[in-house]
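> no sequence on this one, just coordinates:
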């Protein structure tokens, strides 16, 4: 949620209560072209949900940004199964590669880091995903 709010408003909100799912629309110019983003921001789940809601989100989306906290090993450890679930659902329908980016958040909290940058890069490489580390706060 913090990264979505930062992307949409350029502001950082540090505390969130229980988050619901939201769909946002946002126009932006990228490489000289006007792009309309539809963002389905779903709360983090530490387990794989083989539910109709999860399947609906996967079928709805054209690409995926999976965010973990560099300060939370569990949020990182769930990524391989989530990515396999997404790829099975999306790539099973076509031969096109589904765009997936892994984002490690909270780079500003390096003193609380439990997941190294190298681990994130290696995971992304092994799963053929993009990788970034960011700080929604900064």
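Yep, it's here. From a predicted model like this one, the values you see are computed outputs, not experimental measurements. Numbers count the residues shown, from 1 in each chain.

> state the pLDDT value of residue 21.
Residue 21 is assigned 63 on the pLDDT scale.

> give me the low-pLDDT residue ranges for the chain?
For the chain, applying pLDDT under 70 flags the ranges 1, 10, 12, 14-22, 43-52, 92-95.

> repeat that with 50
Along the chain, the model assigns pLDDT under 50 to residues 46-48, 50.

> grab the most central residue of it for me.
In the chain, the residue lying closest to the centroid (Cα atoms, centre = their mean) is residue 66, at 2.1 Å.

> wait, doesn't it sit right on residue 101?
Yes: counting by Cβ atoms under 8 Å, residue 66 touches residue 101, with 7.3 Å between them. Yep, even glycine has a C-beta here, placed from its N, CA and C like the rest.

> tell me if the residue nearest to the centre of the chain really is in a strand.
Yes: Residue 66: assigned to a strand according to DSSP: H, G, I helix; E, B strand; the rest coil.

> secondary structure element for residue 34?
strand 33-41 (DSSP states H and E).

> packing partners for the following helix or strand past that strand?
Helices and strands here follow DSSP H and E; after strand 33-41, the next one along the chain is helix 52-60. Under the contact criterion of 3 or more Cβ pairs under 8 Å, 6 or more residues apart in numbering; DSSP states H and E, helix 52-60 touches helix 79-91.
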